[in-house]
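1. need the 3D shape of this:
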Amino acid sequence: EPVNRQRWGSMDPTQVDGSYARQVNGVFVPAGLLQKPLFDSSYPAARNYGAVGAVLGHEFTHGFDDVGRRYDMKGKLHNWWTPNDVIAFKQRTQCIVDEYETFVVDG
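-> Numbers count the residues shown, from 1 in each chain. Modelled structure (predicted):
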């Protein structure tokens, strides 16, 4: 069955979370995010745009992370990166792995 690109999936408008859906190659930001402390009409426009932009930017990166990169622009499972792209990705993301390996959680 083809993916219904008009449907929001399991999200509802009151949800306070953004998401990236690989199957439709889309970012979803429900109205629930457009409230304090992230967004408010009394905040300066730059703060509102920056806050929403940060959420959008975060969700967009999921299209290129270790899972999202395996899906093409139509949401089909398809390895569209070259072998050299995969090697470069793994090399560049190793700094994140190295950083998190230094964290100690008490308890």
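2. and Tyr43, how many neighbours?
-> Using other Cβ atoms under 10 Å, Tyr43 is surrounded by 15 other residues. Every C-beta, even on glycine, is put in place using the N, C-alpha and C of the backbone.
3. work out for me the element it sits within.
-> Under the criterion DSSP states H and E, no helix or strand holds Tyr43.
4. let's have the chain start at 44 instead
-> With the count now opening at 44, the last piece we talked about shows up as Tyr86.
5. now do the contacts for it.
-> By Cβ atoms under 8 Å, 6 or more residues apart in numbering, no residues touch Tyr86.
6. mind checking pLDDT for it?
-> Note for Tyr86: predicted pLDDT of 97.
7. so which residue is smack in the middle of this protein?
-> Geometric centre of the chain, nearest residue: Glu102, 1.8 Å, by Cα atoms, centre = their mean.
8. which residues does whichever strand or helix holds it contact?
-> Taking DSSP H and E as the definition, Glu102 sits inside helix 88-104. Helix 88-104 has contacts (Cβ under 8 Å, 6+ apart) with Gly61, Ser62, Tyr63, Val70, Phe71, Val72, Leu76, Leu77, Leu81, Phe82, Asp83.
9. out of those residues, who's nearest Val110?
-> Nearest to Val110 among those is Tyr63, at 9.8 Å by Cβ to Cβ.
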